[in-house]
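**Student:** got a predicted structure here, sequence first:
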Number of protein chains: 2
Amino acid sequence: MDETQAREAVTAPQKGTVTQRAIERIKAMIAEGRLEPGQRLPTERDLAAQLGISRSSMREAIRALTVLGVLEARHGSGIYVTQLEAGDLLETFGVVADLSRGPRLIELLEVRRILESTATALAAARITQEQLAEVEKHLTAMNTTDDPEEILAHDLSFHREIASAAGNETMAAILEGLSSRTFRARVWRGYQEEGAFARTRREHAAIHRALVAHDPEAARAAAAAHVGEVEEWLRSQLTP
Amino acid sequence: MDETQAREAVTAPQKGTVTQRAIERIKAMIAEGRLEPGQRLPTERDLAAQLGISRSSMREAIRALTVLGVLEARHGSGIYVTQLEAGDLLETFGVVADLSRGPRLIELLEVRRILESTATALAAARITQEQLAEVEKHLTAMNTTDDPEEILAHDLSFHREIASAAGNETMAAILEGLSSRTFRARVWRGYQEEGAFARTRREHAAIHRALVAHDPEAARAAAAAHVGEVEEWLRSQLTP
DNA sequence: ACCAGCCATGTGGTCGGACCACTACAGCCG
DNA sequence: CGGCTGTAGTGGTCCGACCACATGGCTGGT
């Protein structure tokens, strides 16, 4: 047993699986600042040797941190720490939305209503002319096409631009996850069949008016009503 | 159609790594309801054979879904689908908080302020006598000890009980992540050194009063002020 | 001298097999 | 009948080999 292994034996008392320990070690390295965003890590083989575990276990640890958006593996090049930006880390939030059903779907929508209304209110106070123009672009594009796929895409962009204008990228990323593609697609499926499409258009117009007027309270109310509308519909679907 | 496309048509679309595909396959199985919460999956060896990949790759996929809180592996027993409850899936949210620094920490705190104030307002309207008693238990316990570790624990429980009383488990789970252990510990380190401890006690008392009075507006204001206080302190620390 | 293209090197990605640690259950023994 | 033990089956770990890809230096031509 060499000195490295000897130190490990004292430092790391057998808690949990070796892979779990490896995950914690790497996370700790980043938290302590020993690994900067964008920096390249040692190779899988070296890392495994450093922690005294096999490459297989180390790969599982790396894979775990990869899906969490903390690390990024580039085939043939190396492993890198992500920029640790909101978007990188909160991508997993979409997974939650995708796998949630029934009552939890409504709870998620409730959270979205709270955040979206506040974000829209903030946006009304802070939005610039350029950002407003971008919002309008998606609004008109949404109203001039009949392709549901395209409408959905512009709808998402519409809200994303607003959330971004609120000046909190973290909140924007969370809302992005809560409005993830499959999540909305699932809800939309039966939603627009009930002729609620015109209403959605009116609600978007109301939000836009509040943004133009820089009226936070009106924006909050309009956004809350918009999400609440979907929320109510979904609630009625679950308890017929 | 070239040869590559022809081969893909017969076997499987070669998009991304095999592990990534395996993750998607399992996620899809759950999303489609073919795997129920709590259900036991086939063994790693069987799963690998079914998808035509090696056990190593399958293990990485399983590990990835494990850290996301979707699956749970019990040594010697098997792999199971979690209950897919908010707590299971949003545990990873704590990782984000742990690895966030600087401006993003403030953004996270801002999100927490929005959610916590709303949750506290909801709790004021809905809280029962039993839940109120539980809240009071942590409040008094927090005020009758000097052990910072214990104070922190009761502080966390205090807010968790309130969030739970709001009736939205998903929101409670998110707030739990935003107040994760290391996150708060980091902030507290220098915070209470500035004699802000008495103020924290007053703020908690104000929140409690609002809950007793079933006054949502007062509760919202008290909670917003409470989190905002920490937020302001942190902001001043970052831009000296 | 310069540049394009090739190729050696090193990296992550995949595979198969072996063994260990643990759980669960059936069957045995008291 | 109940507790105990043995055993089959599971996830956990390790090893070594090979593949796919990215990179940078080197070779060959111009």
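**Tutor:** Sure thing, it's come through. Note that the structure is a prediction, hence the values are computed from the model and not measured.
**Student:** all the strands of chain A, in order from the start?
**Tutor:** Assigned by DSSP state E, the strands in chain A fall at A:71-74, A:78-81.
**Student:** let me have those strands in CSV, adding mean pLDDT and mean neighbour count as columns.
**Tutor:** For glycine as for every other residue, the C-beta is placed from the backbone atoms N, C-alpha and C. Formatted as CSV, those follow (pLDDT from 0 to 100; neighbours: other Cβ atoms under 10 Å in any protein chain shown):
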stretch, mean pLDDT, mean neighbour count
strand A:71-74, 97, 16
strand A:78-81, 97, 17
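**Student:** list of residues touching stretch A:61-76?
**Tutor:** Counting contacts by Cβ atoms under 8 Å, 6 or more residues apart in numbering or on different chains, the residues outside stretch A:61-76 that touch it are A:19-20, A:22-23, A:26-27, A:30, A:41, A:44, A:47, A:79-82, A:84, A:88-92, B:19, B:23, B:60, B:63-64, B:66-68, B:92, B:95, B:99.
**Student:** can that stretch be found next to DNA strand D?
**Tutor:** Yes - using Cβ under 7 Å from any atom of the strand, stretch A:61-76 comes into contact with DNA strand D via A:74, A:75, A:76.
**Student:** and these, which is closest to DNA strand D?
**Tutor:** Closest approach between the residues of stretch A:61-76 next to DNA strand D and DNA strand D, by Cβ to the nearest atom of the strand: residue A:76, at 2.6 Å.
**Student:** residues near the closest one, how many?
**Tutor:** 4 (other Cβ atoms under 10 Å in any protein chain shown).
**Student:** report pLDDT for it.
**Tutor:** Per-residue confidence (pLDDT) for residue A:76: 96.
**Student:** related to what we said a few turns ago, which among the residues of stretch A:61-76 next to DNA strand D gets closest to residue B:158?
**Tutor:** Of all the residues of stretch A:61-76 next to DNA strand D, residue B:158 sits closest to residue A:74, with 44.9 Å by Cβ to Cβ.
**Student:** how much space between the closest one and DNA strand C?
**Tutor:** As judged by Cβ to the nearest atom of the strand, to the nearest Å, residue A:74 and DNA strand C stand 6 Å apart.
**Student:** bridging residues for that residue?
**Tutor:** Under DSSP bridges, the beta-bridge partners of residue A:74 are residue A:78.
**Student:** from residue A:67, how far out is it?
**Tutor:** Using Cβ to Cβ, to the nearest Å, we find residue A:74 at a distance of 16 Å from residue A:67.
**Student:** quick revisit: can you tell me which of the contacts of stretch A:61-76 are buried?
**Tutor:** Among the contacts of stretch A:61-76, those buried by neighbour count (16 or more other Cβ atoms under 10 Å in any protein chain shown) are A:19-20, A:22-23, A:26-27, A:30, A:41, A:44, A:47, A:79-82, A:84, A:88-92, B:19, B:23, B:60, B:63-64, B:66-68, B:92, B:95, B:99.
**Student:** also within reach of DNA strand C: list those from the residues you listed.
**Tutor:** A:41, A:44, A:79, B:19, B:60.
**Student:** which residues does the residue nearest in space to the middle of chain A contact?
**Tutor:** Most central in chain A under Cα atoms, centre = their mean is residue A:177, positioned 3.4 Å from the mean C-alpha point. In this structure, residue A:177 makes contact with A:90, A:91, A:92, A:93, A:94, A:96, A:97, judged by Cβ under 8 Å, 6+ apart.
**Student:** if we go to 7 Å?
**Tutor:** A:90, A:93, A:94, A:97 (Cβ atoms under 7 Å, 6 or more residues apart in numbering or on different chains).
**Student:** how far away is the third one from chain B?
**Tutor:** According to Cβ to the nearest Cβ, to the nearest Å, residue A:94 and chain B sit 11 Å apart.
**Student:** that residue against residue A:180, yeah?
**Tutor:** Yes - at 3.7 Å, residue A:94 counts as touching residue A:180 under the criterion of Cβ atoms under 7 Å.
**Student:** tell me where chain A has helices.
**Tutor:** A:3-11, A:18-31, A:44-51, A:55-67, A:86-89, A:92-99, A:103-126, A:129-143, A:148-165, A:169-178, A:181-191, A:197-212, A:216-238 (DSSP state H).
**Student:** can you redo the ones you listed as TSV with mean pLDDT?
**Tutor:** Converted to TSV, the helices of chain A look like this (pLDDT from 0 to 100):
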stretch	mean pLDDT
helix A:3-11	42
helix A:18-31	96
helix A:44-51	97
helix A:55-67	97
helix A:86-89	84
helix A:92-99	86
helix A:103-126	95
helix A:129-143	95
helix A:148-165	92
helix A:169-178	94
helix A:181-191	74
helix A:197-212	93
helix A:216-238	93
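**Student:** of these, which is nearest residue B:233?
**Tutor:** Of all these, helix A:169-178 comes closest under Cβ to Cβ, at 18.7 Å.
**Student:** for residue A:19, give me its contacts.
**Tutor:** A:57, A:60, A:61, B:63.
**Student:** cutoff 10 Å now
**Tutor:** Residue A:19 makes contact with A:53-54, A:56-64, B:59, B:63, B:66-67 under the criterion Cβ atoms under 10 Å, 6 or more residues apart in numbering or on different chains.
**Student:** again, but for residue A:77
**Tutor:** So residue A:77 contacts residue A:40 (Cβ under 10 Å, 6+ apart).
**Student:** what distance do you get for it to residue A:40?
**Tutor:** Taken as Cβ to Cβ, the span from residue A:77 to residue A:40 is 8 Å.
**Student:** and for residue A:100?
**Tutor:** 36 Å.
**Student:** who has more neighbours, these two?
**Tutor:** Neighbour comparison, residue A:100 and residue A:40: the larger count goes to residue A:100, with 21 against 12 (by other Cβ under 10 Å).
**Student:** what is the burial count for the nearest residue to the more buried one once chain neighbours are set aside?
**Tutor:** Leaving aside its chain neighbours, residue A:100 sits nearest to residue A:108 (5.8 Å; criterion: Cβ to Cβ, 6 or more residues apart in numbering or on different chains). Residues lying near residue A:108 (other Cβ under 10 Å) number 23.
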